[in-house]
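**Student:** Dropping a prediction and its sequence here:
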Amino acid sequence: MVLWSYRTTPRKSKKETPFSLTYGTEPMLPMEVAVNTLRVANKDEESNVKDLRINLDILEEKREESGVCQAAYKHATERYYNQRVKEKAFKVGEYVLRKNEASRAQPQGKLGPTWEGPYRVTEANRSGAYLLETMEGRPIPRTWNAWNLKKYFF
């Protein structure tokens with residue numbers, strides 16, 4: 001029953017049910033057959049077959065339209081997310097602190113330190129990855145994402 005309800009519920013992104021995009025028509029619920037609703041009572045076999053053929057003919061068009069709606073929904077979601085993201089960027093030579101959680105250098109705990117450092121940025125990639133070195137000039141292995149760093153002020 002859970003799968004049935006999932007497949008017959010319209011999705012926000014596509015504005016269609018997965019069932020209708022697969023079979024070209026809306027399903028008849030089991031309750032409609034058991035209770036003998038108006039939809040079942042007025043069923044005409046010949047017109048039903050004709051309607052199903054028409055639905056199958058426009059199924060590909062319906063799928064394309066659903067794909068356009070889904071792309072528009074994804075674009076709107078991306079735009080909403082990107083409005084709220086604050087980009088962090090560091091320049092070569094700036095001092096930063098590194099999240100202790102990311103490096104796992106010191107034991108963590110409720111009262112453990114959250115940040116460690118300071119470190120100096122030696123190289124900045126366009127993708128938000130940075131190479132660091134200690135204050136003594138010893139390089140830190142691997143690159144570090146900007147989300148794991150924060151600016152250090154003396």
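**Tutor:** Received it, and whenever you're ready, just let me know what you need. Numbering: from 1, shown residues only.

**Student:** Run through the neighbouring helices and strands of the lengthiest helix in the chain.
**Tutor:** Ranked by number of residues, the top helix in the chain under DSSP state H is helix 59-84. Counting contacts by 3 or more Cβ pairs under 8 Å, 6 or more residues apart in numbering; DSSP states H and E, helix 59-84 is packed against helix 18-23. Heads up, the C-betas are built off the backbone N, CA and C, glycines and all.

**Student:** Quick check: next helix or strand after the worst-scoring helix or strand of the chain on mean pLDDT?
**Tutor:** Scoring the helices and strands of the chain by mean pLDDT, DSSP states H and E places helix 38-41 at the bottom, with a mean of 75. Counting by DSSP states H and E, the element after helix 38-41 in chain order, helix or strand, is helix 45-57.

**Student:** hang on, L131 in a strand?
**Tutor:** Yes. Read with DSSP: H, G, I helix; E, B strand; the rest coil, L131 is one of the residues of a strand.

**Student:** Not counting its neighbours along the chain, what's nearest it?
**Tutor:** With sequence-adjacent residues excluded and distances taken as Cβ to Cβ, 6 or more residues apart in numbering, L131 is closest to E123, at 4.0 Å.

**Student:** Which residues belonging to the helix or strand that that neighbour is a member of are considered buried?
**Tutor:** Counting by DSSP H and E, the element that carries E123 is strand 115-124. Under the neighbour-count criterion of 16 or more other Cβ atoms under 10 Å, strand 115-124 has G117, P118, Y119, R120, V121, A124 buried.
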